[in-house]
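J.: dropping a prediction and its sequence here:
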Amino acid sequence: MSFLQIKDTYISFQEWKEEGSISTQSLMSVQREDFEHTGPKQLTDVDWANDHHLRAVAASLVQGAYNLEFDRQDSQDPQGRWWHFFHFELKQKLIDDKDSSIYGVVYEIKCTYPNHLPESTPKFVIAFRGTIISTKSRDMKLNMKVFAGKLHKDKPRFKHALEAVKAVVQEAWPANIWLVGHSLGASIAMLVGKSMAQEGKNLKTFLFNPPFLRYSLSKNIKNPTLKDGILSTKNVIKAGISSVGGDHLWQKRHDQFNKLSDWIPNLFVNQDDPICSGYIDHFRNRKIEDEIRSIWSAIKAAFVKDPQLPIYLLPKAYLTISKISSSPDISKICEAHELKQWWYQMSIGPGFANSSTKVLIDDAIPVGEP
C-alpha cells in the first residue's frame, strides 16, 4: 500500500469517525472473541490434509494469543478453549519485556494417540497476535517500524520471537512446526520465517492480513513527462551508488532472495482490506529486479549499510483472497481486516447467526517465481 493510499484511507476513517459511526480503537484493534459465540465449533474432527481446516485452526490459535493478552490486561484467568478444542496445550507465553505484554504463544499438540496423527500435523505452533490498543501497549510504535522497514532491528519483539522459534526448532523437525500471525503478528511471523529459511529451515507459515506497505512515487504520477524524469533521476542515482560500492550490497539482497525460494508461506488477504490488499497487485505486476534494486534500497545499501530485503518481497507464496459481502462503508474495511473471517466457514456459533455479512474465500493459488 502506498503512502497516498494510506493518506486516502486515513481521511476516509476520519470522515466516518467525525460522523460518529466508528471509533479509532475499533478500526485498529482486534477484539476479544468468545469461542462459544464465534469459534469454529463445527471443526470437531480436523483433517490435517484439508487446507480450509488448517486455515481455521491456524487463525484460531492466533485468536488464542489475542485473548491471552486481553486476559492479562483484565487480570483474568486464561480461557483455553481456542487451543484446547484442537488438542493443543500452552507451552510458553512470549512476553515483550518493554511493556510486559503477551505478544505470542508457543503451543504444543497433545493427543491420546500421537503416532496415529498424519505426518503433516504440527507438533508445535508459534502464534503472534497483531495490534491491541491500550495505554501500555507499544504495538503502534512497532507498526511504524514495519512501515519504516526497521522491525527486524527490534530486540524485545522480533529478535526475542526469533530466539523462541530457534529454541522450538531444537525440539522438532522444521516440517512439524508452524508459524502463524495476524496483521502486525503476520509481519513478525514473516520475518522469523525468512530468517529461518535463510538457514535452510523452512517452517510452514500462515500469514493473515499481513501489512503491505510500499510507496512508489512513479506509479502515482500521471504526467508522462514527469514520470520519465523521475525514472531517469532514479537511474542516475543508482548508477552513482553502484560506482561507490553499492553493487556488492545489492548482490547480498539477491542472495537473500534466492535462499528463500524453497520457503512458500501461505498469505491470506482480503481484497477490501487496504492494509494487506496490495499483495494482490504486487504478485500480478511485480518486477523482481526493480524491487531488489529500488531507489530506497539503493540509498539504504550505500549509506545505511543494510542489505535487508523489503519485508513484503517473497519469491513464492500461496495466496488466498477473501471478499466480504456487506454494506459499502467503513465497517466493511474493518471486517476485511478481522481475523475471524478466516474461520467463518467453520463456525456454527450464534455470533454469525444473525449477521448479514458473508465471507467468500477463494482457494489458494501459487504466486511468484516459477
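T.: Structure received. Residues are numbered from 1 along each chain as shown.
J.: where do the strands sit along this structure?
T.: 88-95, 102-109, 124-128, 177-182, 204-208, 266-270, 316-325, 358-361, 365-368 (DSSP state E).
J.: redo the ones you listed as a markdown table? Include mean neighbour count.
T.: In short, each C-beta sits where N, CA and C put it, glycine included. Converted to a markdown table, those look like this (neighbours: other Cβ atoms under 10 Å):
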| stretch | mean neighbour count |
| --- | --- |
| strand 88-95 | 17 |
| strand 102-109 | 24 |
| strand 124-128 | 27 |
| strand 177-182 | 28 |
| strand 204-208 | 27 |
| strand 266-270 | 25 |
| strand 316-325 | 18 |
| strand 358-361 | 16 |
| strand 365-368 | 14 |
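J.: among those, which is nearest His282?
T.: His282 sits nearest to strand 365-368 of all these, at 9.0 Å, using Cβ to Cβ.
J.: which neighbouring elements make contact with that closest one?
T.: Strand 365-368 is packed against strand 316-325, with contacts defined by 3 or more Cβ pairs under 8 Å, 6 or more residues apart in numbering; DSSP states H and E.
J.: what lines up beside the strand it packs on in the sheet?
T.: According to DSSP bridges, strand 316-325 has the following sheet partners: strand 266-270 (parallel), strand 358-361 (antiparallel), strand 365-368 (antiparallel).
J.: what lies in contact with the last one?
T.: Spelled out, that is strand 365-368. Ile264, Phe283, Leu314, Pro315, Lys316, Ala317, Tyr318, Leu319, Thr320 (Cβ atoms under 8 Å, 6 or more residues apart in numbering).
J.: quick check: the gap between Pro78 and Leu360.
T.: 33 Å (Cβ to Cβ, to the nearest Å).
J.: by contact count, what packs against the longest helix seen in the chain?
T.: If you go by DSSP state H, the chain has its longest helix at helix 51-73. If you count contacts as 3+ Cβ pairs under 8 Å, 6+ apart, helix 51-73 packs onto helix 81-84, strand 88-95, strand 102-109, strand 124-128, strand 177-182, strand 204-208.
J.: if we go to 6 Å?
T.: Under the contact criterion of 3 or more Cβ pairs under 6 Å, 6 or more residues apart in numbering; DSSP states H and E, helix 51-73 touches helix 81-84, strand 102-109, strand 124-128, strand 177-182.
J.: can you add distance to Asn143 and give the ones you listed back as CSV?
T.: What follows is the helices and strands packed on helix 51-73, written out as CSV (distance: least, Cβ to Cβ, whole Å):
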stretch, distance to Asn143
helix 81-84, 24
strand 102-109, 13
strand 124-128, 13
strand 177-182, 13
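J.: dump the ones you listed to TSV, plus distance to Arg72 and mean pLDDT.
T.: Converted to TSV, those look like this (distance: least, Cβ to Cβ, whole Å; pLDDT from 0 to 100):
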stretch	distance to Arg72	mean pLDDT
helix 81-84	15	95
strand 102-109	6	96
strand 124-128	15	98
strand 177-182	18	98
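J.: circling back: quick check: mean pLDDT of the longest helix of the chain?
T.: Throughout helix 51-73, pLDDT has a mean value of 95.
J.: equivalent analysis for stretch 273-284, please.
T.: Stretch 273-284 comes out at a mean pLDDT of 91.
J.: chain center to it: distance?
T.: Remark: stretch 273-284 is offset 12 Å from the chain centroid, using Cα atoms, centre = their mean, to the nearest Å.
J.: count of residues packed around Lys153?
T.: Neighbour count of Lys153, defined by other Cβ atoms under 10 Å: 12.
J.: and of the strands paired with strand 316-325, who's closest to Gln256?
T.: strand 365-368 (15.1 Å).
J.: send me the closest one as PDB with only the CA atoms.
T.: In PDB, the C-alpha atoms belonging to strand 365-368 read as follows (Å, rounded to 0.1, in the frame of the first residue of the first chain):
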ATOM      1  CA  ILE A 365      -3.300 -20.100  -5.700                       C
ATOM      2  CA  PRO A 366       0.500 -20.300  -6.100                       C
ATOM      3  CA  VAL A 367       2.100 -17.000  -7.000                       C
ATOM      4  CA  GLY A 368       5.600 -15.700  -7.600                       C
END
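J.: relative to Asn209, how far out is the closest residue to Asp362 other than its chain neighbours?
T.: Nearest in space to Asp362, with sequence neighbours left out and distances taken as Cβ to Cβ, 6 or more residues apart in numbering, is Ile321 at 5.0 Å. Distance of Ile321 to Asn209, computed by Cβ to Cβ: 12 Å.
J.: next, name the residue at the spatial heart of this protein.
T.: Ala186 (2.2 Å; Cα atoms, centre = their mean).
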